[in-house]
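Chemist: here is a sequence together with a model predicted from it:
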Amino acid sequence: MLVVKDSNGTLLVEGDSVQLIKDLKVKGTSINLKRGTLIKNIHLTSDADEVECRVEKIKNLVLKTCFLKKV
C-alpha cells in the first residue's frame, strides 16, 4: 500500500483537504498560487511525493507533497 505524507509527516488519504505552505508558480499559466490556499478533495497518484487536485480553473494539477499541509 502506498503511504503519502504531507510536509509535517501527517498521513494523507483520498479526498483530504490541504493547504499550501509556500507561494507556487504554475507552469504554463500566469497563475500564482498563494501560501495558505485551501485545496479540497485531493486525489492520490501512484507517486508518494505527488497529489492531483483542482485549483481555481486548473484541472488535474499535480503538486508535490512537500509544499502541502493537512487541514
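Modeler: That came through fine. Predicted, not measured: the structure shown is a model, and the values here were computed from it.
Chemist: hey, let's count contacts and neighbours off CA atoms from now on
Modeler: Will do.
Chemist: ramachandran angles for the most centrally placed residue in the chain?
Modeler: Centroid-nearest residue in the chain: Leu63, 4.5 Å away (criterion: Cα atoms, centre = their mean). Taking degrees, to the nearest 10, you get phi -120, psi 150 for the backbone angles of Leu63.
Chemist: use 491 as the first number from now on
Modeler: Happy to do that; since the first residue is 491 now, the last one works out to Leu553.
Chemist: which residues does it contact?
Modeler: Applying Cα atoms under 8 Å, 6 or more residues apart in numbering, we find Leu553 in contact with 540-543.
Chemist: please name the bridge partners of it.
Modeler: Beta-bridge pairing for Leu553 (DSSP bridges): Val541.
Chemist: with pLDDT, distance to Val508 and neighbour count added, can I get the contacts of Leu553 in TSV?
Modeler: Putting the contacts of Leu553 into TSV (pLDDT from 0 to 100; distance: Cα to Cα, whole Å; neighbours: other Cα atoms under 10 Å) gives the following:
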residue	pLDDT	distance to Val508	neighbour count
Glu540	97	13	20
Val541	97	10	23
Glu542	97	11	18
Cys543	97	10	19
